[in-house]
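Engineer: Okay, here's the prediction I keep looking at, along with the sequence it came from:
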Amino acid sequence: MSRHATVREARPLRPAAGSSALRIDPSLCDGVGICAHLAPDLVSVDSWGYPILRAGVLGSASERRQADAAVAACPRRALRVSS
Ligand code: SF4
């Protein structure tokens, strides 16, 4: 199993119409988990430091701010907010 196979999404992340979602490209992620520190309501990390999206759909202004901060800080540009 490759290292990137450990990055996973905890639940389906297809947003409802009109909503946004935090998404990750596992092929770009390098672990460490800066995103989990900046978006604790949305991301946790596994035992290797790879992110697990636990709340992809952004349901509040706070979640949107966390997602935007994580996207901006990701050194690998592995995160994005999509609608
Ligand atoms: S900040 Fe980016 S590279 Fe780092 S763990 Fe999160 S998604 Fe991966």
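Structural biologist: Okay, I see it.
Engineer: Relative to Ala55, how far out is Val71?
Structural biologist: Val71 is 15 Å from Ala55, where distance means C-beta to C-beta, to the nearest Å. For the C-beta atoms, the positions are set from N, CA and C on the backbone; glycine is no exception.
Engineer: Contact partners for Ala55?
Structural biologist: Ala55 sits next to Leu22, Asp41, Leu42, Glu63 when contact means C-beta atoms under 8 Å, 6 or more residues apart in numbering.
Engineer: what helix or strand is it on?
Structural biologist: Secondary structure assignment for Ala55, by DSSP states H and E: no helix or strand.
Engineer: I'd like the numbering to begin with 189 instead of 1 from here.
Structural biologist: Taking 189 as the first residue, the last one we looked at is Ala243.
Engineer: So which bits of this structure are right by the ligand?
Structural biologist: For the chain, the contact set with the ligand under C-beta under 6 Å from any ligand atom comprises 212, 217-223, 239, 262-264, 266-267.
Engineer: Identify the bridge partners of Leu210.
Structural biologist: On the basis of DSSP bridges, Leu210 is bridged to Val269.
Engineer: and it, how many neighbours?
Structural biologist: By other C-beta atoms under 10 Å, 28 other residues sit near Leu210.
Engineer: cool, the one 10 residues further on as well?
Structural biologist: Other residues within reach of Val220, judged by other C-beta under 10 Å, total 15.
Engineer: and it, backbone torsions?
Structural biologist: The phi and psi values for Val220, taken as degrees, to the nearest 10, are phi 80, psi -50.
Engineer: Chain neighbours aside, what residue packs nearest to Asp256?
Structural biologist: Take Asp256 and drop its neighbours on the chain: the residue closest to it by C-beta to C-beta, 6 or more residues apart in numbering is Val269, 6.8 Å away.
Engineer: which regions of the chain lie under the pLDDT threshold?
Structural biologist: Applying pLDDT under 70 to the chain flags residues 189-206, 244.
Engineer: before we move on, which element is Ala237 in?
Structural biologist: You called it Ala, but residue 237 is Gly. In this structure, Gly237 sits in neither a helix nor a strand according to DSSP H and E.
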